[in-house]
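>>> just to be clear, the model below is a prediction. Sequence and coordinates:
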Amino acid sequence: MSTVTEASATDLSADERRVGALVDQLLSERPPDSTPVVEFLGAQYDLGLAWVHFPEGCGGLGLSPKMQETAAARLRAAGAPLSMFRNPIGYGMGAPTVVTHGSEEQRRRYLRPLFTGEEVWCQLFSEPGAGSDVASLSTRAVRDGDEWIVNGQKVWTTVAHLARWGMLVARTDPEAPKHRGMTYFVVDMHGPGVEVRPLRQMTGEAEFNEVYFTDVRIPDSERLGGVGEGWHVSLTTLMNERVSIGGGIAARGSGAIAEAVRLWDERHKGSDDLVLKDRLVDLWIRAEAARLTNIRASQTRKIGIPGPEGSVGKLASAELNKTIYNLCIDLLGADGMLYGSYEMRRPQFVGFTGDVTKSFLRARANSIEGGTSEVMRNILGERVLGLPGEPRVDKDLPWSQVPRN
């Protein structure tokens, strides 16, 4: 037995041994079952196990992204808390943007409290007239000395009611073409002139919001990237958003498909309904194929702007989730027509729960949020299959001359 263990240890790479030793240290010094969550996550960050592919001093070790799953699997098995559930937008989208485009001061200021969940982040891109075409946004930021004055409206802003910081893209040069006249800022969501209003969903909850900016002042030191480089910076956020939504690597048979299997076992085990059984088996296979595809994609992922695999994973995840929860409702039979309560609630977290009917309703948003399935198909067609892009007649026009609704 010891011979096998020693051989296995010998087969590990130097990076795997390093990550393993740091995980051992973390679990020994901060047992997850007796350590406060913020303290545990802070220690994880300080050891470089927050995002192991980030630079040292930024919650990482400068290693390959595939080492992240090595650390995550060990921590999950030990019952460690997960930062991504405490601050999903900050963890999956804000951190890669800050580490790629932020100054050293911004990295030091934002990354650690972002990872521990002490400071929640939100994303301020979409507007009433700029959804899938984010580059057509009209929220204005005007330079005033060492500050920018922002006026405008954002919409569909997830967890804005909980957020301390927001990732804001605003129009700074209306005479430049729409992709070249934007600038990216970090905005204080508690600052004067920022108003957050709830948007109630069909689940009864209001995890989405609309946000109004009225003469909001943002120091120029809170800019990410150069003036007019907002589109380039926003691509880092958007592509990591798709990885965050659709690129997660869960345990085999977990997540939505686990709910379907549970309902089959509870209500239909031993049934001769071959149609339902065939649907369940088909979806289990598709869920496993998506999981294995995400594992492969994670091994080639790079820090900064991921490749199109994030969009492919997001598309597959969105459509698969909806189809699985359709099956769950069918497995519930007449009970699937019932819903607990449409009372307006402001959730403290984002994601699916054990309430199948609520998850069925919530899954409708998967093919819209983070880029619609139609946009994901366009990216797949253009960047993976090499198909011609859709005509873009306004690409080189000044934004001020582009017709808008």
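Cool, got the structure. Quick caveat: nothing in here was measured; it's all calculated off a predicted structure. Residues are numbered from 1 along each chain as shown.
>>> secondary structure element for R108?
If you go by DSSP states H and E, R108 is part of helix 104-116.
>>> contacts for that helix next, please.
Around helix 104-116, the neighbours that count as contacts under C-beta atoms under 8 Å, 6 or more residues apart in numbering are 37-38, 41-42, 44-46, 50, 54, 57-59, 83, 86-87, 90-91, 94-95, 98-99, 102, 119, 121, 165, 186, 221-222, 224. Yep, even glycine has a C-beta here, placed from its N, CA and C like the rest.
>>> for A50, give its distance to S138.
Separation of A50 from S138 (C-beta to C-beta, to the nearest Å): 36 Å.
>>> again but with W165, I slipped
From W165 to S138 the distance is 22 Å (C-beta to C-beta).
>>> neighbour count: the two, which is higher?
Neighbours were counted for W165 and for S138 using other C-beta atoms under 10 Å; W165 has more, 22 against 17.
>>> would you say N240 is within a helix?
Yes - assessed with DSSP: H, G, I helix; E, B strand; the rest coil, N240 lies in a helix.
>>> my guess is it contacts G313. True?
No - using C-beta atoms under 8 Å, N240 makes no contact with G313, being 11.9 Å away.
>>> thinking again about what came up before, any of the contacts of helix 104-116 buried? List them.
Among the contacts of helix 104-116, those scoring as buried are 41-42, 44-45, 50, 54, 58-59, 83, 86-87, 90-91, 94-95, 98-99, 102, 119, 121, 165, 186, 222, 224 (criterion: 16 or more other C-beta atoms under 10 Å).
>>> thinking again about what came up before, narrow the contacts of helix 104-116 to those in strands?
Among the contacts of helix 104-116, DSSP state E puts W121, W165, V186, L224 in strands.
>>> for the third one, give the beta-bridge partners.
Taking DSSP bridges, one finds M167 as the beta-bridge partners of V186.
>>> I'd like the distance between the closest residue to S136 other than its chain neighbours and M239.
In this structure, S136 finds its nearest non-sequential neighbour in A130, 4.6 Å apart by C-beta to C-beta, 6 or more residues apart in numbering. For A130, the distance to M239 equals 18 Å [C-beta to C-beta].
>>> in which helix or strand would I find the residue lying closest to E382 once chain neighbours are set aside?
Of all residues not flanking E382 in the chain, G389 sits nearest, at 5.0 Å (C-beta to C-beta, 6+ apart). Using DSSP H and E, G389 maps to neither a helix nor a strand.
>>> list the contacts of V23.
L49, A71, R74, L75.
>>> possible to save those as TSV with distance to S271, secondary structure and pLDDT?
Below are those laid out as TSV (distance: C-beta to C-beta, whole Å; DSSP: H, G, I helix; E, B strand; the rest coil; pLDDT from 0 to 100):
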residue	distance to S271	secondary structure	pLDDT
L49	46	coil	97
A71	42	helix	91
R74	39	helix	92
L75	39	helix	94
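>>> from these, pick the one nearest P31.
L75 (12.2 Å; C-beta to C-beta).
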